[in-house]
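*Asks:* sequence-free structure coming up:
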């Protein structure tokens, strides 16, 4: 399982931190990754790398991220996170969107346009919907989730007991 999160969230401590991609890259323990670790350590100590070392570091990090992601059975991310360039070449057979009634319809579409064959929307359309700060956007339909739209179109939700 790999959890993909935004760069701004990398410093946030979490009980599932060990699942994050950046954590797994940093703590991967193989001899072939020693160059990446050396460059990471140098960057941590000096604050920045020379331009050639920075290029090498970024290439090694991208390759390692790709390798870890490709070997994962499950990748967890937000709907918007599914549009991350690191997932650009991935094709997911199944997508599960948790709390889908709190996401806007465009947000839910991001993981769905990646070639998904099956989608499961989890949520309660009778509870909290998407939070839309702009009244004009809400009136234009963004206050309605994809889940709610499908229910209104006649798709019967399956309720868990």
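*Replies:* Here it is on my side, so go on. Please read these numbers as outputs of a predicted model, since none were measured by experiment.
*Asks:* so which elements touch the lengthiest helix in the chain?
*Replies:* Determined from DSSP state H, the single longest helix within the chain is helix 51-71. Packing contacts for helix 51-71, counted by 3 or more CB pairs under 8 Å, 6 or more residues apart in numbering; DSSP states H and E, involve helix 21-27, helix 34-46. From N, CA and C alone the C-beta is placed, and that goes for glycine too.
*Asks:* between these, which one is nearest to residue 118?
*Replies:* helix 21-27 (24.0 Å; CB to CB).
*Asks:* how far off centre is the closest one?
*Replies:* Relative to its chain's centre, helix 21-27 lies at 15 Å (CA atoms, centre = their mean, to the nearest Å).
*Asks:* so which residues make contact with that helix?
*Replies:* Residues from elsewhere that reach helix 21-27, judged by CB atoms under 8 Å, 6 or more residues apart in numbering: 2-5, 10, 17-18, 36, 40, 61, 64-65, 68-69, 86.
*Asks:* avg pLDDT for that helix?
*Replies:* The average pLDDT within helix 21-27 is 87.
*Asks:* and residue 41, how close does it get to residue 34?
*Replies:* 10 Å (CB to CB, to the nearest Å).
*Asks:* err, residue 25, not the other one
*Replies:* Taking CB to CB as the measure, residue 25 falls 13 Å from residue 34.
*Asks:* who has more neighbours, these two?
*Replies:* Set side by side, residue 25 and residue 34 show more neighbours around residue 25, with 19 against 10, by other CB atoms under 10 Å.
*Asks:* so where do the strands sit in this protein?
*Replies:* 2-3, 75-76, 94-97, 118-121 (DSSP state E).
*Asks:* elements contacting the last one?
*Replies:* Okay, so that is strand 118-121. Applying 3+ CB pairs under 8 Å, 6+ apart, one finds that strand 118-121 contacts strand 94-97, helix 105-112, helix 146-152.
*Asks:* list the contacts of residue 82.
*Replies:* 95, 110, 111, 114.
*Asks:* that'll do, ta.
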